[in-house]
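1. okay, structure incoming, though there's no sequence with it:
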């Protein structure tokens, strides 16, 4: 061939530049006969491969190298003999696996030893199939991939193992029961081989037998925790029981991490929740919630809330939470022995519940609503009293001489009190007492801070509207105007004509803004009377048509007293006007009888007796009484106590009449009820004027919507009857339950 080509090149070179000669045609002939395989090629190759497979199964040394074996498999696959090879290999593997599974049937009855044998069998199988697959890898990557419905060699090994396990169900059952037995031992505290369990469960998972095990496992879990839960809930207190439940949940979580499949976690935890929590939910809440809240055990409550939340037990927790708050709160409100501490107790109780709600109950919104509803219920169980005591509590906070607190602390306390105020239905009762106490604070200069006073009124205005605080704001305006009036009076000619040995300060109050005070008769000493007349003359000259009414019960004085010669015997006494009027009598006489004092001052008998009692029977004995005793009787003789001594230069003589009596409180409450009657009457007339005709039921319903204080249908019916008597309404002639408005 090379010669021919060389000749052609030579000829070409010779003819270059001359006429072109005809080209020669080359013909190459190829033999088309296919090479034939040796007659025994497939059998001989398989025999060699079969020997290697049996060597693997028998754990013997393989006679040929892996390269030779791999090449043999490749040759068979190249010559389209992959299918036959696959079938023969499958049969060889099945024969071996069948023997291995059969050998497990008669194994030891000891669960642990049996499981170890099974696990060893499985490990051997996987190791052998891995080695066989590496020898027959070319078959796995060509014939298996290119053929439909043919599984990989590894999957074939699993199918064969599963097939023969199914034919020996006692092996499967014994294996599952053995695993369950080990898990039970671990649950009761014994040490077990977790590696063995993990290997066996991975085997079941690979063989798709895990769901069968899981069903038995979950049933066993149900039974175990049902029995243990019933025993533990009886022998343990609730906090300890919850710790036990938490520990069991952690243990089962670890169990999933160590050897169970992840898919088992959800149903497993569900069984624990059911048997340890859901079944005993009522007992946990009934025996645990209230004591834990009472003892402020935040961590235990956190644990309870977290665990019960797993079984959707919020509604029972909410019910028990509300019941506890109502019961404990009602006890505080109805405890007459601790009436004075009621508001502080309620504030402490509310603060405690707010803390528990935030820290233990994760600021749950539904529980927050329940707390609000419970407080609204308990604080109105005893009508009017809580409102009265809240007003008095505010009074104590705003008075001077109380506990030394900063402005910020006072603001915080007032905000907390305002929370209780929101729950009160009868806010008019609070208003009446607050107004009365505010008047005393302003007039007697007892307020700790004007800014704090105005801040409180601003809070009330924001809460209830301007109509609620209109009169309260008017009281402050009166105090400011009074200061201006006194400045003008001090510079007036009327004032300059009065002696300088005494002075007067007057508050001019608008009647509609301030509480109504009963008349208090008193014969003023000459020194005070001329000041009073002088101011009245000045004021009326500036404001024609006005009338001044002097409220002697609200006045207070500062008088200087000399008990004995020397600076130590001179004191300044802070007293009420009543006390001052009596003490000034002793400038003219050191000894006076009860009757003489009564004639000189012209006071009411009851007021006179308590005033004398404050001067002669208290710790500060400015006067001496004969005979001695706590009560002032007719015929008692009073003497100026020249031996009185005190380390203080300024001495406040407590005024008994300034202390609120039960009678005064009842009068304040009665005035509120009277105002309510007027409001009910006005509401009835307002509704009927708009509707003209209305049934009794609809009228009552409409009144409940409009009235902002608690009232009963019986009370409303009385007011309707009163309006009928006064001819504002009439009953319908045909239907007595229907009312008509009379213009």
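-> Done, it's in. All of these numbers come straight from a predicted model, not from anything done at the bench. Residues are numbered from 1 along each chain as shown.
2. now the strands for this protein?
-> 556-562, 570-576, 591-593, 623-626, 637-640, 650-652, 693-695, 729-731, 738-741 (DSSP state E).
3. ok, which of those strands comes nearest residue 317?
-> Residue 317 sits nearest to strand 693-695 of all those, at 43.5 Å, using C-beta to C-beta. Any C-beta I mention is one placed from the backbone N, CA and C, and that applies to glycine too.
4. run through who's touching the closest one.
-> 687, 688, 702, 732, 735, 737, 738, 739, 740, 741 (C-beta atoms under 8 Å, 6 or more residues apart in numbering).
5. for those residues, which entry has the maximal number of neighbours?
-> Highest neighbour count within the contacts of strand 693-695: residue 739, with 26 neighbours (other C-beta atoms under 10 Å).
6. residues in contact with that residue?
-> Listed by C-beta under 8 Å, 6+ apart, the contact set of residue 739 reads 688, 693, 694, 695, 696, 699, 720, 724, 729, 730, 731, 732.
7. possible to save those as JSON lines with distance to residue 123 and pLDDT?
-> JSON lines is the format used below for these (distance: C-beta to C-beta, whole Å; pLDDT from 0 to 100):
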{"residue": "688", "distance to residue 123": "95", "pLDDT": "85"}
{"residue": "693", "distance to residue 123": "96", "pLDDT": "87"}
{"residue": "694", "distance to residue 123": "91", "pLDDT": "85"}
{"residue": "695", "distance to residue 123": "89", "pLDDT": "88"}
{"residue": "696", "distance to residue 123": "90", "pLDDT": "87"}
{"residue": "699", "distance to residue 123": "89", "pLDDT": "87"}
{"residue": "720", "distance to residue 123": "94", "pLDDT": "85"}
{"residue": "724", "distance to residue 123": "100", "pLDDT": "82"}
{"residue": "729", "distance to residue 123": "99", "pLDDT": "85"}
{"residue": "730", "distance to residue 123": "103", "pLDDT": "85"}
{"residue": "731", "distance to residue 123": "99", "pLDDT": "86"}
{"residue": "732", "distance to residue 123": "99", "pLDDT": "83"}
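8. can you redo the residues you listed as CSV with distance to residue 317?
-> CSV is the format used below for the contacts of residue 739 (distance: C-beta to C-beta, whole Å):
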residue, distance to residue 317
688, 48
693, 50
694, 45
695, 44
696, 43
699, 42
720, 45
724, 51
729, 50
730, 55
731, 52
732, 52
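9. what subset of those is buried?
-> 688, 694, 696, 699, 720, 729 (16 or more other C-beta atoms under 10 Å).
10. please name the bridge partners of the second one.
-> On the basis of DSSP bridges, residue 694 takes part in beta bridges with residue 739.
11. coming back round to it: need the strands of the chain in JSON lines (columns: distance to residue 419).
-> As requested, these are exported to JSON lines (distance: least, C-beta to C-beta, whole Å):
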{"stretch": "strand 556-562", "distance to residue 419": "35"}
{"stretch": "strand 570-576", "distance to residue 419": "36"}
{"stretch": "strand 591-593", "distance to residue 419": "54"}
{"stretch": "strand 623-626", "distance to residue 419": "47"}
{"stretch": "strand 637-640", "distance to residue 419": "50"}
{"stretch": "strand 650-652", "distance to residue 419": "34"}
{"stretch": "strand 693-695", "distance to residue 419": "38"}
{"stretch": "strand 729-731", "distance to residue 419": "41"}
{"stretch": "strand 738-741", "distance to residue 419": "40"}
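12. for the ones you listed, which one sits closest to residue 393?
-> Smallest distance to residue 393 across those (C-beta to C-beta): 22.9 Å, for strand 650-652.
13. neighbours of residue 127, how many?
-> Using other C-beta under 10 Å, residue 127 has 12 other residues around it.
14. er, residue 723 actually
-> 20.
15. which residues touch it?
-> 681, 684, 685, 729.
16. looking at the strands of the chain, which is nearest to residue 238?
-> strand 693-695 (53.9 Å).
17. what distance separates the closest one from the middle of the whole chain?
-> 46 Å (C-alpha atoms, centre = their mean, to the nearest Å).
18. try stretch 456-463
-> 27 Å.
19. next one: stretch 355-372
-> With C-alpha atoms, centre = their mean as the basis, stretch 355-372 stands 1 Å off its chain's centre.
20. residues contacting it, please?
-> 293, 296, 298, 301-302, 305, 314, 317-318, 321-322, 325, 353-354, 423.
21. could you redo the last one with a cut-off of 7 Å?
-> 293, 298, 301, 302, 305, 314, 318, 321, 322, 325, 353 (C-beta atoms under 7 Å, 6 or more residues apart in numbering).
22. and the last one, what is it in contact with?
-> For residue 353, the contact set (C-beta under 7 Å, 6+ apart) comprises 325, 371.
23. swap the cut-off to 10 Å and go again
-> Residues in contact with residue 353 (C-beta atoms under 10 Å, 6 or more residues apart in numbering) are 293, 321, 324, 325, 328, 329, 361, 367, 368, 371, 374, 375.
24. check the first one too.
-> In this structure, residue 293 makes contact with 300-301, 304, 320-321, 324-325, 328, 352-353, 356, 360-361, judged by C-beta under 10 Å, 6+ apart.
25. and the nearest residue to residue 609 once chain neighbours are set aside, its phi and psi?
-> Setting aside the residues directly before and after it, residue 609 is nearest to residue 632 in space (C-beta to C-beta, 6 or more residues apart in numbering), at 4.4 Å. Backbone dihedrals for residue 632, given as degrees, to the nearest 10, come out at phi -100, psi 120.
26. looking at the contacts of stretch 355-372, which one is closest to residue 149?
-> Using C-beta to C-beta, the contacts of stretch 355-372 come closest to residue 149 at residue 314, 53.9 Å.
27. for residue 414, what are its contacts?
-> Per C-beta under 10 Å, 6+ apart, neighbours of residue 414: 394, 397, 398, 421, 452, 455, 456, 459, 460.
28. now, which of the residues you listed sits nearest residue 466?
-> residue 460 (10.0 Å).
29. what's the nearest residue to that closest one if we skip its chain neighbours?
-> residue 469 (5.3 Å).
30. thought that neighbour was touching residue 453?
-> No: contact criterion C-beta atoms under 10 Å: residue 469 and residue 453 do not qualify, at 11.6 Å.
31. overlap of the contact sets of the two?
-> Joint contacts of residue 469 and residue 453 (C-beta under 10 Å, 6+ apart) are residue 475.
32. the two - which one has more neighbours?
-> residue 469 (22 against 19).
33. what about that one, distance to residue 434?
-> When C-beta to C-beta, to the nearest Å is the yardstick, residue 469 and residue 434 sit 10 Å from each other.
34. same question for residue 229.
-> Computed with C-beta to C-beta, the distance linking residue 229 and residue 434 is 56 Å.
35. out of these two, which sits in the busier spot?
-> Comparing residue 229 with residue 434 by other C-beta under 10 Å, the one with more neighbours is residue 434, at 25 against 21.
36. next up, the contacts around the more buried one.
-> Contact analysis of residue 434 by C-beta under 10 Å, 6+ apart lists 387-388, 390-392, 394-395, 398, 421, 427, 456-457, 460, 469, 472.
37. switch to 7 Å and redo it
-> 391, 394.
38. dump the contacts of strand 693-695 into a markdown table; add distance to residue 335 as well.
-> Listed next are these as a markdown table, based on distance: C-beta to C-beta, whole Å:
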| residue | distance to residue 335 |
| --- | --- |
| 687 | 40 |
| 688 | 43 |
| 702 | 37 |
| 732 | 49 |
| 735 | 49 |
| 737 | 43 |
| 738 | 46 |
| 739 | 43 |
| 740 | 49 |
| 741 | 47 |
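39. nice, that's everything, thank you.
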